[in-house]
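**Student:** build me a model from this:
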Amino acid sequence: MSDILNEKVDLSALNLGSFTLSALLGAVVTFCICVIAMRLILSLLRRMLDKTRLDATLRKYALGAVRLVLWVIIVLIVADQLGIPVTSLVALLSVVSLAVSLAVQSVLSNIAGGLVILVTKPFQLGDLVETADGLGTVKEISLTFTKLETPDGLWLMTPNSVLSSGKITNYTALGRRRAEIRVGASYDAAVSDVRAACLDAAAVPGVLPDPAPIVYVDSYGESSISYIVRVWCRSEDYTDVYYGLTEGLKAAFDEHGVEMPYNHLNIHILDQTEQKEKQTV
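**Tutor:** The predicted structure follows:
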């Protein structure tokens, strides 16, 4: 029996050298122990991560990265147990890793951007955000891309490298938004009357009482005075409030007798007889 265990198996064709059956059994035992240890480490790490405030997606990818590293370590330990040169395997893995990193450089850049987004949390699922690529509601956040649904019902796949290095405007994070509309009124209308008309128009569903709606005189134009009407509303009510206020301004101006001026083109037609008399004079 001992002769069988000590019998060498020639694997020169595979450039793996030779090893005994006893070494093979020892490698199998080592492999089982390493797998059990890996599961214990991952279970402990999972419990630790669950107690943190890290995003669920980030926790999942962190566990996956640790699992991959542990598998590489297990392979090296088992290879050393079998007498396979570990140094050569490490060198081979380094070369392969370098080649892969050069081939997927843009992907790695997106992964780095995804990690930044998951850690800093500039937005969450369901937030309405505006990026360099467009405006949309966040539907999915992965390590490489963030999926946005645009207001016109399109999918917008934005690379995380672009998001993490660019400007992001989050319209949902604070829970409320300010709607602002500019409107012109005639010089003949008193400022108090225009302000009263604007405040009446601001009484649309969804407008918050605090901060209260406010009206400012913005500028004096060639044929009208420009006013700014500002109201606050919840983020999800912004569209209804904005267009409701826009529509209500015209009705409120009519009710208060305030004229909305517009450009006029005056054409003067002179009678030929009058024109000749003027030329004679």
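
**Student:** use CA for all of it now, contacts and neighbours both
**Tutor:** Noted.

**Student:** list the contacts of Ala112.
**Tutor:** Contacts for Ala112 were tallied using C-alpha atoms under 8 Å, 6 or more residues apart in numbering; they are 143, 160-161.

**Student:** what about it, distance to Ile36?
**Tutor:** Applying C-alpha to C-alpha, to the nearest Å, one obtains 31 Å for the distance of Ala112 from Ile36.

**Student:** quick one: average confidence on stretch 34-48?
**Tutor:** Model confidence over stretch 34-48 averages 84 on the pLDDT scale.

**Student:** so which bits of it are buried?
**Tutor:** When neighbours are counted by 16 or more other C-alpha atoms under 10 Å, the buried residues of stretch 34-48 are found to be 34, 38, 42.

**Student:** do a quick rundown of the strands in this structure.
**Tutor:** Assigned by DSSP state E, the chain shows strands spanning 8-10, 18-20, 128-131, 134-141, 145-149, 155-159, 169-170, 176-185, 214-220, 225-234.

**Student:** got the contact list for the last one?
**Tutor:** Same thing as strand 225-234. Contacts with strand 225-234, where a contact means C-alpha under 8 Å, 6+ apart, come from 175-187, 198, 202, 206-220, 241.

**Student:** now do the shortest one
**Tutor:** For strand 169-170, the external contacting residues (C-alpha under 8 Å, 6+ apart) are 122-123, 127-131.

**Student:** how does it look with 10 Å?
**Tutor:** 122-124, 127-132, 135, 137 (C-alpha atoms under 10 Å, 6 or more residues apart in numbering).

**Student:** any of those buried? List them.
**Tutor:** With burial judged by 16+ other C-alpha under 10 Å, the buried subset of these is 122-124, 127-130, 135, 137.

**Student:** between the residues you listed, which sits nearest Thr30?
**Tutor:** The shortest approach to Thr30 among those belongs to Gln124, at 43.9 Å (C-alpha to C-alpha).

**Student:** gap between the closest one and Thr137?
**Tutor:** Gln124 sits at a distance of 10 Å from Thr137 (criterion: C-alpha to C-alpha).
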